[in-house]
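Participant: everything below, folded, please.
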Amino acid sequence: MEEQEHVIKLSDVRVYVRENLVLDKVSFAVERGEFIYLIGRTGSGKSSLMRTLYADLPMREGEGFVAGHALKDIPNKEVPFLRRKLGIVFQDFQLLTDRSVEENLKFVMRATGWTDKQKMDDHVDELLAMVQLPTGSRKKMATQLSGGEQQRVAVARALVNSPEVILADEPTGNLDPETSEGILQLFIDITAKGTSVILATHNYSFFEKHPARTLKCESGYLVDTQQRVGPEDF
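Facilitator: Below is the predicted model:
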């Protein structure tokens, strides 16, 4: 079936927030290992689309498949299994501030069925290496880290279960330009290993330095384009 050939495939989806139609006739597909920007002005529907993809907003109309799961009327009991195949990264990190880096990562492992302590310890080291943080940072509290380091931990957390897709919603919105560039490069490196990334951003400099396929939320629709994108679109 075609939906299984893509990690994400939406056809004529209508995105609602409560009773308000935010995006209409949304249709697009994402290949494995593809890097995509999601752009649009504030309030244009970027976050609502993201929330629909990880089943935080119900899909009422149209058809959608993410990581092998049908989103239309997805049962609540199936949502955790969908999210295990996704990595979600937010602007405000959403780390557990009363715990160490290691415990932030192990919290997700335990919540998703990990039980072997040695495998969990080894995986912490693997994850920190993937996001280019020294192993010595594992014992630091989240609040002891810089903003860029915290976001790298958030990316590591998103990678815990080797997701098929990472959905990153304004992940550099609170970071300085140099740190933001490092986080962008991290996502690009992740796609090289076969994980797809959709990155919602207002940062036009990203597109200038690293052009890629771009989905634009505009006037209640989603436009799939790599052309005619300018600073005003971000």
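Participant: tell me which helix or strand the residue nearest to the spatial centre of the chain sits in.
Facilitator: Centroid-nearest residue in the chain: residue 167, 1.5 Å away (criterion: C-alpha atoms, centre = their mean). Under the criterion DSSP states H and E, the helix or strand holding residue 167 is strand 165-169.
Participant: over to residue 223?
Facilitator: strand 221-225.
Participant: picking that back up, thought the residue nearest to the centre of the chain was touching residue 87?
Facilitator: Yes - contact criterion C-beta atoms under 8 Å: residue 167 and residue 87 qualify, at 7.2 Å. Glycine gets a C-beta too; all of them are placed from N, C-alpha and C.
Participant: parallel or antiparallel, list what pairs with the strand holding residue 167.
Facilitator: strand 86-90 (parallel), strand 196-200 (parallel) (DSSP bridges).
Participant: just these: most buried one?
Facilitator: strand 196-200 (a mean of 24; mean count of other C-beta atoms under 10 Å).
Participant: and the strands in this structure?
Facilitator: Secondary structure of the chain, counting by DSSP state E: strands at 8-17, 20-30, 35-39, 61-66, 69-70, 86-90, 165-169, 196-200, 213-218, 221-225.
Participant: re the thing from before, from residue 187, how far off is the residue nearest to the centre of the chain?
Facilitator: With distances taken as C-beta to C-beta, to the nearest Å, residue 167 is found 11 Å from residue 187.
Participant: just to revisit the earlier point, buried set for the strand holding residue 167?
Facilitator: Under the neighbour-count criterion of 16 or more other C-beta atoms under 10 Å, strand 165-169 has 165, 166, 167, 168, 169 buried.
Participant: which of those lies closest to residue 198?
Facilitator: Using C-beta to C-beta, residue 167 comes nearest to residue 198 of the buried residues of strand 165-169, at 5.4 Å.
Participant: so residue 192 sits right up against residue 33, yeah?
Facilitator: Yes - between residue 192 and residue 33 there is a contact at 7.2 Å, judged by C-beta under 8 Å.
Participant: neighbour count: the two, which is higher?
Facilitator: Remark: of residue 192 and residue 33, residue 33 carries more neighbours, 15 against 9, as counted by other C-beta atoms under 10 Å.
Participant: which residue of this protein sits farthest from its center?
Facilitator: The outermost residue of the chain relative to its centre, with distances by C-alpha atoms, centre = their mean, is residue 118 at 27.9 Å.
Participant: so that one versus residue 140, what's the distance?
Facilitator: Going from residue 118 to residue 140 by C-beta to C-beta gives 22 Å.
Participant: now residue 95
Facilitator: Residue 95 is 11 Å from residue 140, by C-beta to C-beta.
Participant: which one of the two has more residues nearby?
Facilitator: For residue 95 versus residue 140, neighbours defined as other C-beta under 10 Å are more numerous around residue 95 (22 against 16).
Participant: and the pLDDT for that one?
Facilitator: Looking at residue 95, its pLDDT is 93.
Participant: show me the contacts for it.
Facilitator: For residue 95, the contacting residues are 104, 142, 150, 153, 154, 157, by C-beta atoms under 8 Å, 6 or more residues apart in numbering.
Participant: check contacts around the fifth one.
Facilitator: Going back to what we said before, that points to residue 154. 89, 90, 93, 94, 95, 171 are the contacts of residue 154 under C-beta under 8 Å, 6+ apart.
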